[in-house]
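Q: okay, here's the prediction I keep looking at, along with the sequence it came from:
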Amino acid sequence: MFGGPRALSAMSHTMSVQPNSLNASTLAPFVDPLPIPPVAKSSGLRPLPSSPKTKVPYYRLAAQPIDVKIHRDLKPTRLWAFGGSVPGPTLELRSGEESLVEWANELPQQHFLPIDYRLHGAKGNPEVRIVTHLHGGIVPSDSDGYPEDWYVPGKSLTYHYPIVQEPAMLWYHDHAMGINRLNIYAGLFGAAIVRDKVEDALGLPDGKYEIPLMIFDRMLTPEGQLYYPVSGKPNEPWIPELFGDAMLVNGKVFPYLEVEPRKYRFRVLNASNARFYHLSFANGLEFYQIGTDQGLLPAPLKLKKIALAPAERVDLVVDFSDCRGEQIVLKDVEYKVMQFRVSRDKVSDSSTVPSQLRPVPKIAESEAVKTRLLTLDEYFTLKGETVLLLLNGSYWHEPISENPVQNSTEIWTFINPTDDTHPIHLHTVRFQILDRQNYEPMTYQMKKEFRFLGPRTPPEPYEAGWKDTAMAHSKMVTRIIVPFKSYPGRYVWHCHILEHEDNEMMRPYEIVAK
Ligand code: C2O
Ligand code: CU
Ligand code: CU
């Protein structure tokens, strides 16, 4: 159903290599081993503020500047990191086990990336502000990292994560209003993996055979520093999308990984600001997808390629047993991403990919008590430059319009007249994609009537599980069904292209207690 890679990508409004940037294709590929982020270590038990008799594991992750080598031939690059690495340490969590995380801001007073002071949240506020969100986490509203709950260097916030959810790869990242794209670009993110006994018992590859692959693109200066281009208009540095030509996985540019000829489980995250990936192995190797954003699929799916929008995750099992001695490149459409070097060793592999993983009961449309029609809007200058993006024609500061009742189910219908695919994310819930349908935007805009140009198509097999981020394709109507099984309070929903999110493509919403 996709019209090729173009239809899946955000439109490239800017050239990806600018004159004062390093051409990353001149960097030798596959010279650095893939780093594995450390596992976050708890510094003991602490009482829960809400029930002081309960003591739970407590973590402290501080955001600090670091200088790290991201490629063999580059000098150290200045990044901002949680817990000393980019990506930050992985939080290992278990369903039903609560924890506390103190997110500390130990950054300098000055930002090193171009803030646009016209944007909401940036205007009149300190340069350096952070607030951390656990993407995909079902968490109380006051621990969700509300974009306006940011705090300055020297301050911290301790969040409570109850983990009332099934196993999945979540990720934490900055969410500070108006500078989110810059803070994440600087490096403020990491993985959080939720597990449970049921998943442990499946016999999937684990331990050193289960590896997170967090992929993100960056532009670099000739000196190997982060480069975030500006629009060229004085005092209006915002650009509509950032596309870099250096592909980093777990913090190294074009790394390699030595693997044994056996099965591996890869937890893949697209941590890019705006880039969509279309991943495949250059030798055509097939692999299994076993999970989506929010956990396991009912059954493994055999694939040769997979598309991933910003913030989406896929859980993959790759079997290298027929590739002894081979060097296999994992590639995107235009770019090499990383290389796997398969040893010739004889190994025994007792891991399995069971034919049944975890049931994903399909939510019936009849369960929805409400349907919301929500447009995705992009505004241009006369010259055709994007200047603003809105959700349903509303700015961030306008009153809340989406207010689902706690535990009720709703259908959200995203109407996308723009030329871009927008990956739409709702905080604190998981949902299922119902379908997509081509429509005629002009008719809808004039008369608020749908003229459909084709049948409803079900989600792609690789997105037919629990999701928290869904691609709303250009000139299509995308419907998702959402049980609002979370806590009452204020959350947000937004486009996960970070440049869009920072320029008003984000709205508060409120889960209303029954
Ligand atoms: Cu990745 Cu508002 O989230
Ligand atoms: Cu989120
Ligand atoms: Cu968008």
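A: Cool, got the structure. Ligands and ions are numbered 1, 2, ... in the order given.
Q: pick out the residue in the stretch 101-250 of the chain sitting closest to ligand 1.
A: Using C-beta to the nearest ligand atom, the single residue of the stretch 101-250 of the chain nearest to ligand 1 is His135, 3.4 Å away. (C-beta placed from N, C-alpha, C; glycine too.)
Q: wait, that residue sits on Thr428?
A: No. His135 is beyond contact range of Thr428, at 10.1 Å (criterion: C-beta atoms under 8 Å).
Q: let me know whether stretch 128-139 sits next to ligand 2.
A: Yes. Remark: stretch 128-139 sits within contact range of ligand 2 at His135, by C-beta under 5 Å from the ion.
Q: okay, how far is it across that stretch, tip to tip?
A: 25 Å (C-alpha to C-alpha, to the nearest Å).
Q: then stretch 320-340?
A: End-to-end for stretch 320-340, by C-alpha to C-alpha: 9 Å.
Q: what does that stretch contact?
A: Contacts with stretch 320-340, where a contact means C-beta atoms under 8 Å, 6 or more residues apart in numbering, come from 5, 29-30, 34, 213, 215, 245, 247, 249, 254-257, 259-264, 277-283, 285, 318, 341-344, 349.
Q: go on, stretch 397-407?
A: Contacts for stretch 397-407 (C-beta under 8 Å, 6+ apart): 120, 369-370, 372, 374, 392, 394, 410, 482-488, 490, 493, 507-514.
Q: neighbours around the residue in the stretch 301-450 of the chain positioned nearest to ligand 2, how many?
A: Using C-beta to the ion, the closest approach of the stretch 301-450 of the chain to ligand 2 is made by His427 at 4.6 Å. Other residues within reach of His427, judged by other C-beta atoms under 10 Å, total 26.
Q: can you name the residues that contact it?
A: His427 neighbours (C-beta under 8 Å, 6+ apart): 133, 144, 491-493.
Q: coming back round to it: now the contacts of stretch 320-340: which count as buried?
A: 29-30, 34, 213, 215, 245, 247, 249, 254-257, 259-264, 277-281, 285, 318, 341-343 (16 or more other C-beta atoms under 10 Å).
Q: now, these that are in strands?
A: Judged by DSSP state E, the buried ones among the contacts of stretch 320-340 include 213, 215, 247, 249, 256-257, 259, 263-264, 277-281, 318, 341-342 as members of strands.
Q: out of those residues, who's near ligand 1?
A: Among those, proximity to ligand 1 is found for none (C-beta under 6 Å from any ligand atom).
Q: what's the closest non-adjacent residue to Gly465?
A: Leaving aside its sequence neighbours, Gly465 sits nearest to Thr292 (C-beta to C-beta, 6 or more residues apart in numbering; 3.7 Å).
Q: same thing with Leu134?
A: Nearest one to Leu134, counting by C-beta to C-beta, 6+ apart, is Tyr172 at 5.1 Å.
Q: what mean pLDDT does the helix or strand harbouring the one you found have?
A: Assigned by DSSP states H and E, Tyr172 falls within strand 168-174. Averaging pLDDT along strand 168-174 yields 98.
Q: which outside residues touch the next helix or strand after it?
A: Following strand 168-174 in sequence order, the next helix or strand is helix 180-186 (DSSP H and E). Under the contact criterion C-beta under 8 Å, 6+ apart, helix 180-186 has outside partners 79-80, 111-115, 130, 147, 173-174, 176, 218, 226, 228, 242, 271, 273, 498-499, 501-502.
Q: how far does helix 180-186 sit from the chain's center?
A: Chain-centre distance of helix 180-186: 13 Å, with C-alpha atoms, centre = their mean, to the nearest Å.
Q: with stretch 296-304 instead?
A: That offset, for stretch 296-304, works out to 20 Å (C-alpha atoms, centre = their mean).
Q: pull out the buried residues from that stretch.
A: Quick answer for stretch 296-304 (16+ other C-beta under 10 Å): 296-297, 300-301, 303.
Q: which of the contacts of His427 tops the neighbour count?
A: His133 (27 neighbours).
Q: please identify the helix or strand for that one.
A: Going by DSSP H and E, His133 is part of strand 132-135.
Q: that strand packs against which elements?
A: When contacts are defined as 3 or more C-beta pairs under 8 Å, 6 or more residues apart in numbering; DSSP states H and E, strand 132-135 packs onto strand 156-161, strand 168-174.
Q: recalculate using a threshold of 10 Å.
A: The helices and strands touching strand 132-135, judged by 3 or more C-beta pairs under 10 Å, 6 or more residues apart in numbering; DSSP states H and E, are strand 88-94, strand 99-105, strand 156-161, strand 168-174, strand 189-195.
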